[in-house]
Structure formats: C-alpha cells, structure tokens
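Asker: Quick one, what's the 3D model for this:
(one chain, ligands or ions: 1)
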Amino acid sequence: MPDVKPLVLIGVPPSPYTRKMTALLRYRHIDYRIIWGDPGSVLTEMGIPLPKVPLLPTCLMPDTSGVLQAVCDSTPIIRRLEAEFSHRQVIPANPVMAFIDYLLEDFADEWCTKYMFHYRWALDEDADNAGTLLPFFHKTDMPVDTHKQFKPWITNKQVRRLHVVGSNDVTAPLIDASYRRFLVALESLLETQPFILGRRPSACDFAIYGQLTQLVGFDPSSRKIAHALAPRVVAWTGLMEDQCGLETAGNDWNTSDEIPASLTSLLNEVGRVYVPALLANAAALNRGDKIWEADIDGSLWSQQTFGYQGKCLEWIKGEFKVLSQSDQESVNKLLAGTGCEVLLS
Ligand SMILES: N[C@@H](CCC(=O)N[C@@H](CS)C(=O)NCC(=O)O)C(=O)O
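Answerer: Just a heads-up that it's a prediction; the model follows:
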C-alpha cells in the first residue's frame, strides 16, 4: 500500500526540477498537491523542519513512522515512487536501458542545467527577463515598489553565481555549442520515436523536459536557438507537460539492440562534456581541492568542486555494479566510443 497520498511539493514554475516532478506525477497518475512558493517560508509556516539544503522542489513524504519530512532531490524521490506505485513506471524494465536512463537523467540534472543557468543570467536580455519575471512567480500581486527592489536584488545575486555552474567568458562558447549539439541530437531522436528511450517516457525524459521548460519556455536566447534548430523538441516540450492520457504497454521501450543512432549522438554529448567534468570534479574531491580545472572540448573549464557531483559519479558506478555480467557487457557495447565508457573503467 503506497504511503504517499497525496504527495505535497513546494516549488515554482521557473524551477526545472519542479517541472520535472510535476510532469512525472501527472504522467504516473500519482495524486499530488503543489504549493507554489519558497520551501523555507512554506515549511516554517507548516512547522516542518527544513532540510539541510532546502531546494526546489521540496517534497513532503512520510518517514518510517509516518511523520511528514521535507525531502529534496528528484532522482531518489523518483526511485522511491517507483517502489511505492507499480503503475506507469518510468524506469525501463530492461536493466541495460535502465542504466542508460539513469546516465541521461543525471546528465540532464547536472549538465543541461548549466545551459539553463547560463542562458538565464549570462546575457543582458535574458537576465532582464528573468529579473522581471521571477519575483512575479513568487507573488503576482507584488506592489510595484517592492518589485523595483526585488528585481535588481535577484538579478545581481544570480549573475554573481554564474561561476557556480562554470559559466564565464571562456566557457560561454562551449556551453552554447554543447546546447546546440544537444538540441540537434534530440531533434533527430524525436524523428524516429516519441520519447528518448522508445514509445513511453522514462525518468530521463522528465529530467530533460524539466530543463527544456526553461530553455524553451522562459529564457529568450535559448528559446530562439531551440526554435531555429529543433522545432520537434519545442513541440515535445509542450507535450511532455501533461502525458496523463498516454496509453502505454510494458514493451514500449527500446531494447538494448535496437537503439536509434541518434541516441548514440546524445550519449556522445554526455561523453564529450559531462564525463570529463564528473571525473575532474571527483579527482579534485580526492585531493581536497576547492576548485577543479579541466580541458573540456578544447576549452579550459574551471569551477568550484562539488561533493554532490562526486556522489553522482558514485551513484552511476553503483547502478553499473549491480548489473549482471552480460548486462554490463551490453552497456559497455552501447557506450563504446561515446566517451562515457571511461566512467566505468
Ligand atoms: N538535484 C536536485 C536539484 C534541485 C535544485 O538544484 N533546485 C534549484 C532550483 S531549480 C535550487 O533550489 N537552487 C537553490 C538556489 O538556487 O538557491 C533535484 O533533482 O531536485
């Protein structure tokens, strides 16, 4: 008997992870309530202790004794929901495809979010758009004078945080080129099938969709690029918002020996940019360095070291370790030549 009913989420529409989760819950027919707002203030009002790092979205889920706890991080929350609700699951039944799904979900959450944060704050037109809109997403009836103060405050705060995702003048062309290749690969994938891993959505579809809600639906520069290069992706982003009416069957996912070539192009992008970042971050963590530097696709990338991304790498390896030997061999075959294989060696 599932113990989450209804699931409460606290977040805002301009948060890619909030959109990832609401679309997933709709598709999965899981009863939920969304409270639009800032998790810190909503939790304080509800008398629920804040998580160590209150992120968007924050979910309220019961612990083993039934007491509601504030939990963050969409990836493990999705796995918990898989265990608690058996209908319309989003992790492919085939373990090899489940591994590919995990890798792509992580890429969307940790790398595609660099596109998102970069396009939101790096260029003046985008920063002006976000600075105007974000305060209204918290309070549409915000008085004009309050908005006049809120807009420069949020804009300056976020522009100063661009370095956190590694965005600067040196990396800007790399981020832009990666975003374009990502769109082209996804466009070509959607030419052959409606979802990333076949004819039904997987966790990675929702993760990619979450980032695209912003890139296509919120930030002007990234929207222009998407409309120019990837009209199918634009339409797909619209459709993914609510797939509650999609009928699915168990065998609707690709099998590991019938994946389209364009999925390999997407994996090539993961291997080209995200894998070197994950490895350089992990090496810096090992050495205790606060900053890491690496040559990524011909650019010098330098950014803050993150413990969380060290865990991402461990989790990816963990997903691989639990596979049977023949499934590991199939994964190795799928990843050969993409640049992702070095993660597992
Ligand atoms: N890995 C987390 C990431 C969530 C996350 O980073 N949320 C962002 C907003 S979309 C956030 O709350 N950032 C805190 C901040 O910007 O201050 C997940 O999958 O839920």
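
Asker: got a pLDDT number for the residue of the chain most remote from its centre?
Answerer: Going by CA atoms, centre = their mean, the residue of the chain most distant from its centre is Asp145, 34.6 Å out. pLDDT, Asp145: 98.

Asker: which element is it on?
Answerer: If you go by DSSP states H and E, Asp145 is part of helix 144-159.

Asker: quick one: that helix near the ligand?
Answerer: No: using CB under 6 Å from any ligand atom, helix 144-159 never reaches the ligand; the gap is at least 7.7 Å. Where C-beta positions appear, they are placed from N, C-alpha and C, glycine not excepted.

Asker: Going along the chain from that helix, find the next helix or strand for me.
Answerer: helix 172-190.

Asker: Report the central residue of this protein.
Answerer: Mean-position check on the chain, CA atoms, centre = their mean. Result Asp109 at 2.7 Å.

Asker: Quick check: closest non-adjacent residue to it.
Answerer: Nearest non-adjacent residue to Asp109, counting by CB to CB, 6 or more residues apart in numbering: Ala207, 5.4 Å away.

Asker: Please work out how many residues are found near that neighbour.
Answerer: Residues within reach of Ala207, counting by other CB atoms under 10 Å, total 29.

Asker: That one and the ligand: what is the separation?
Answerer: 8 Å (CB to the nearest ligand atom, to the nearest Å).

Asker: and that residue, what is it in contact with?
Answerer: By CB atoms under 8 Å, 6 or more residues apart in numbering, the contact list for Ala207 reads 20, 74, 104-106, 108-109, 112.

Asker: quick revisit: from the middle of its chain, how far away would the helix holding Asp145 be?
Answerer: With CA atoms, centre = their mean, to the nearest Å as the basis, helix 144-159 stands 26 Å off its chain's centre.

Asker: List of residues touching it?
Answerer: 117, 120-121, 127-128, 130-132, 134-136, 142.

Asker: correct me, but Gln211 touches Glu110?
Answerer: No: counting by CB atoms under 8 Å, Gln211 stays clear of Glu110, with 10.3 Å between them.

Asker: Hmm, Leu246 is touching Tyr27, no?
Answerer: Yes: between Leu246 and Tyr27 there is a contact at 6.9 Å, judged by CB under 8 Å.

Asker: Which of the two has more residues huddled nearby?
Answerer: Tyr27 (22 against 15).
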